[in-house]
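[1] Have a look; sequence and predicted model below, questions after that.
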Amino acid sequence: MEKTWKPTTAGVLDIISGAMGIAGGITTIVVGGFVGQLGGLSAEIGDALNEWAGMWVPEVTDLQSLIAEVAGISSAILMAIGIVLLVCAIIALIGGIYALKRRKWGLALAGSILALPSGGILGILAIIFVSLGKKEFSSCPV
């Protein structure tokens, strides 16, 4: 079977998307950790907001617990998004390696699909190229 550029290009695009997703996932997890730390500063932030908002909204009362709750929920959501992005990026990276080797077409396609969250258009192109180059993949795990 003649080797074309399609699986190679798909593999490179998957690897680039995977690297971008790993960086984005780690960044999102770190930002989620910082947002979670805002809950510990809720007293200071609440006092400052009460002083500022009290001029316009006199019934603003328990901002400290509200800030702590919002910070905790936001932190959990950001960390969950970061972990999902990391998992997708790692699978995209593995799929890119298999696309370069022209092995396990299903894994290469799954990697291309999971490159979408971090790579966007790169993931779409990778899906197209892996699909077009399906005949070049071998099913034996050599």
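    Noted; the coordinates are in hand.
[2] quick one: the nearest residue to residue 20 once chain neighbours are set aside and residue 67, what's the gap?
    Leaving aside its chain neighbours, residue 20 sits nearest to residue 118 (4.8 Å; criterion: CB to CB, 6 or more residues apart in numbering). Just so you know, the C-beta spots here come from the backbone N, C-alpha and C atoms, and that holds for glycine as well. To residue 67, residue 118 is 31 Å away according to CB to CB, to the nearest Å.
[3] which one of the two has more residues nearby?
    With neighbours defined as other CB atoms under 10 Å, residue 118 and residue 67 compare such that residue 118 has more, 23 against 19.
[4] What helices and strands are in contact with the host helix or strand of the more buried one?
    Using DSSP states H and E, residue 118 sits in helix 116-119. Applying 3 or more CB pairs under 8 Å, 6 or more residues apart in numbering; DSSP states H and E, we find helix 116-119 packed against helix 6-37, helix 63-101, helix 121-132.
[5] ok, 7 Å please
    Judged by 3 or more CB pairs under 7 Å, 6 or more residues apart in numbering; DSSP states H and E, the packing partners of helix 116-119 are helix 6-37, helix 63-101.
[6] who wins for proximity to residue 131 among those helices?
    helix 6-37 (8.7 Å; CB to CB).
[7] now stretch 114-124, how far from the centre of its chain.
    10 Å (CA atoms, centre = their mean, to the nearest Å).
[8] For that stretch, buried residues please.
    Within stretch 114-124, the residues that count as buried by 16 or more other CB atoms under 10 Å are 114-119, 122-123.
[9] Dump those residues into JSON lines; add distance to residue 136 as well.
    What follows is the buried residues of stretch 114-124, written out as JSON lines (distance: CB to CB, whole Å):
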{"residue": "114", "distance to residue 136": "21"}
{"residue": "115", "distance to residue 136": "19"}
{"residue": "116", "distance to residue 136": "22"}
{"residue": "117", "distance to residue 136": "26"}
{"residue": "118", "distance to residue 136": "25"}
{"residue": "119", "distance to residue 136": "22"}
{"residue": "122", "distance to residue 136": "20"}
{"residue": "123", "distance to residue 136": "20"}
